[in-house]
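Undergrad: Here's my sequence, what's the structure:
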Amino acid sequence: MNTTPNVDTPTTDTTATGAATGLLADKVALITGAGRGIGAAAALLFAREGARVMLAARTEAQLKAVTEQVGAAGGTADHVVCDLADAVSVRAAVDRTVERFGRLDVAFNNGATNASPGPLDQVPEADFDRLYAVNLRGPWLAMAAEVAAIRATAGTGAIVNNSSVGSLRGNPELPAYGAMKRAVNSLTESAAVTYGPEGIRVNAIAPGGTLTEMIHAWAAESPGLLDRITAHTPLRRAADPAEIAEAAAWLLSDRASYVTGTVLRVDGGAAA
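TA: Next comes the predicted model:
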């Protein structure tokens, strides 16, 4: 496990969008899958909104680059290498957050993996097992450790899990991926009911087509994918990762103080 400290003190800004008045002012946030895509966009946004951020992912070079970007923008971030398929690694990332910043207030369980598109009967067993380990077991492990850390330090807080619009309907191209994400929705709702009395809110977001490395890899194996997504999206475009991060930031903020147990579609109307 490697960490690189960056900026020790968050920048204070008295503007409407600065750290002093931001959505996540003075909060400590953990983001998984923070090395690229939606996770990296969330790291930059959360720090800009006033949070001190711990970035977790498998690839240290990516984590280091995003951590440096946060610091260059005047924010506070550190990073920890974490494999969501490894229970010890997941718990260590949460522990490192508390060790580094003194507590945990909010967490965005964004990390995930994918497999080659194809019908259910052609999904290799190894791919199914990997999707289960990272996309379902990983968020479950993370939530359990995050709830314990929030309870022991901040007392109250919020968790957002990154699901998918593909979890809300049949998903013939990515059946195992969709199944794991639908299960994440169920875990989210169960956790919201369980921990709501303690003041810990748990929600999920369900992004539609988003211009990440993952979707470009899928498109390379499924010609015309981006055109199909655009055609079936009322806004007629895919999302930028930063737009998905905005939804997560709001759900984690105190402005969403009466929202828990929801799976919020951020899909340009694709599932309407």
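Undergrad: Counting neighbours, which bits of the one helix or strand residue 195 maps to end up buried?
TA: Take DSSP states H and E as the rule and residue 195 turns out to sit in helix 175-195. Residues 175-185, 187-189, 191-192, 195 are the ones in helix 175-195 that count as buried (16 or more other Cβ atoms under 10 Å). To be clear about C-beta, it is placed using only N, CA and C from the backbone, and glycine gets the same treatment.
Undergrad: quick one, strands of this protein?
TA: Per DSSP state E, the chain carries strands over the ranges 28-32, 52-57, 76-81, 106-109, 157-162, 200-207, 263-266.
Undergrad: would you turn those strands into CSV with distance to residue 214 and mean neighbour count?
TA: Converted to CSV, the strands of the chain look like this (distance: least, Cβ to Cβ, whole Å; neighbours: other Cβ atoms under 10 Å):
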stretch, distance to residue 214, mean neighbour count
strand 28-32, 14, 30
strand 52-57, 13, 30
strand 76-81, 20, 26
strand 106-109, 16, 30
strand 157-162, 11, 27
strand 200-207, 11, 26
strand 263-266, 16, 20
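Undergrad: closest to residue 257 out of those?
TA: If you check each of the strands of the chain against residue 257 by Cβ to Cβ, strand 200-207 wins as the nearest, at 7.7 Å.
Undergrad: now the closest one and helix 175-195, what's the angle there?
TA: Computed by axes from the mean of the first three to the mean of the last three Cα atoms, to 10 degrees, the angle separating strand 200-207 from helix 175-195 equals 160 degrees.
Undergrad: partner strands of strand 200-207, parallel or antiparallel?
TA: Strand 200-207 has its sheet partners listed here by DSSP bridges as strand 157-162 (parallel), strand 263-266 (parallel).
Undergrad: Can I get the shortest one in CSV, CA atoms only?
TA: If I follow you right, that is strand 263-266. Below are the C-alpha coordinates for strand 263-266, written out as CSV (Å, rounded to 0.1, in the frame of the first residue of the first chain):
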residue,chain,number,x,y,z
VAL,A,263,-31.1,5.0,-7.1
LEU,A,264,-30.9,8.3,-9.0
ARG,A,265,-30.8,8.0,-12.7
VAL,A,266,-28.3,10.3,-14.3
